[in-house]
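[1] Could you work out the structure for the sequence below:
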Amino acid sequence: MVFLRMCAYLVPVLFLCAVACAQENNRNLSNEVHAVIDTIETDAGSDFIVEITEGIDPRYEPVIQRLLKDGWDESYVRELFADSTTVYIPKMVAIKPRKNMDAGNPYRWVDTEESSQACIEFINTHNSLLTSVENQYGVDKEVIAALLRCETQHGTVTGDYHVLSVYASLTLMQESRAISENIKNAREVMKAEGKSTTHINNEIAYIKLRSEKRGGWAYNELKHLLRIHKSEGWDVRDLHGSRAGAFGWAQFLPSSYRRLAVDGNNDGKIDLYSPHDAIHSVANYLKRSGYRSGSTKHIKKALKSYNPSTAYANSIHALSIRVKKDLGS
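    Model (predicted):
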């Protein structure tokens, strides 16, 4: 009986000690991170903050351990994360409460006369290549030009985010520390806004679900990125792209690159920063996604496989029609 009473007393005490230790470890980790804050200005006219540490940022240790558990060589992984190009991007880990507002069509700039003229210039510059690709894949040159205009303004704005750092940072969304911090911050914001308990609980559930889904997706893309590094022979430490980790003229994700990218000029390598490989790869992607020339339904369906946004698909399709009309074809 005395033993049972002691257990009843010790169990909650031990539990509280464990919680306190975990909290202390979190505080210690934060204190260990001596980071230099830098602001990166993008070609698109925005900016973002990165945190730079000497050597491996200790916040990335959970990501490193996951990679090691999945069979990646430790010296290889630690070399990548210790590289000076690998930084921590705070906003990638943050999840804010959803806002009930209509942001409008973010692609409204796509279907414009300015975009049409840019596409016509692009088509004239690469006409023989686009005609050859159109015949080979059955994908209209106007759609390829319109898509590349939307994605990177024909290769002129390809992104300033360090791709490996994007996926490593996003992967941390799944960590309990990040989830707790996001929930804490969101709760404070929503309470200050006078949101109901039901609303707050729904947003917290969303944050948990979003953390798991987005973090898992990012970790999968990170592994694809490392496989590209191993198999293709080019150094992903020098790779920059969008805030989603997409890169090149065609803005492929690592998983898309491995499945659908094409060596268009047969030089033995795939370079999505070259017009030949980018144009062939876009055409291959759309063809494999069910593209059918002359069918609005199938064209938009293929475009939505590239980006699931209806506004995205509609804007590119509309621009391609405008371009075709302006070309007189």
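
[2] For the rest of this, base every contact and every neighbour count on C-alpha atoms.
    Fine.

[3] What part of this protein, helix or strand, is modelled with the least confidence?
    Least confident helix or strand, the chain: helix 2-32 with a mean of 41, by mean pLDDT, DSSP states H and E.

[4] What strands line up against the helix or strand just after that helix, and which way round?
    Tracing the chain C-terminally past helix 2-32 and defining elements by DSSP states H and E, one meets strand 36-41 next. With DSSP bridges as the test, strand 36-41 is paired with strand 47-52 (antiparallel).

[5] which parts of the strand it pairs with are buried?
    Neighbour counts over strand 47-52 (16 or more other CA atoms under 10 Å) mark 50-52 as buried.

[6] So which of those is the closest to Ala118?
    Nearest to Ala118 among the buried residues of strand 47-52, counting by CA to CA, is Val50 at 33.3 Å.

[7] Name whatever forms a beta bridge with that closest one.
    Here Val50 sits in beta bridges with Asp38, going by DSSP bridges.

[8] Go ahead and confirm it touches Val93.
    No: applying CA atoms under 8 Å as the test, Val50 and Val93 come out as separate, 11.8 Å apart.

[9] need the helices for the stretch 151-300 of the chain, in chain order.
    Along the stretch 151-300 of the chain, counting by DSSP state H, counting those that start in this stretch, helices occupy 163-171, 176-192, 197-232, 254-260, 275-288, 296-306.

[10] Those: which one's closest to Ala118?
    Closest among those, using CA to CA: helix 275-288, at 15.2 Å.

[11] Number of residues surrounding Arg258?
    15 (other CA atoms under 10 Å).

[12] low-scoring stretches of this protein, by residue?
    1-33, 44, 100-103 (pLDDT under 70).

[13] now do 50
    Low-confidence segments of the chain, defined by pLDDT under 50: 1-31.

[14] Give me the buried stretch members for stretch 117-133, please.
    Per 16+ other CA under 10 Å, stretch 117-133 contains these buried residues: 118-120, 122-123, 126, 129-130, 133.

[15] Mind listing residues that contact that stretch?
    139, 141-142, 145-146, 149, 154, 276, 279-280, 283, 323, 327 (CA atoms under 8 Å, 6 or more residues apart in numbering).

[16] how long is that stretch from one end to the other?
    21 Å (CA to CA, to the nearest Å).

[17] Repeat that for stretch 164-182.
    Using CA to CA, the two ends of stretch 164-182 sit 22 Å apart.

[18] okay, now the domains of the protein?
    Following automatic domain parsing, one finds the domains of the chain at 32-88+161-231, 113-158+248-327.
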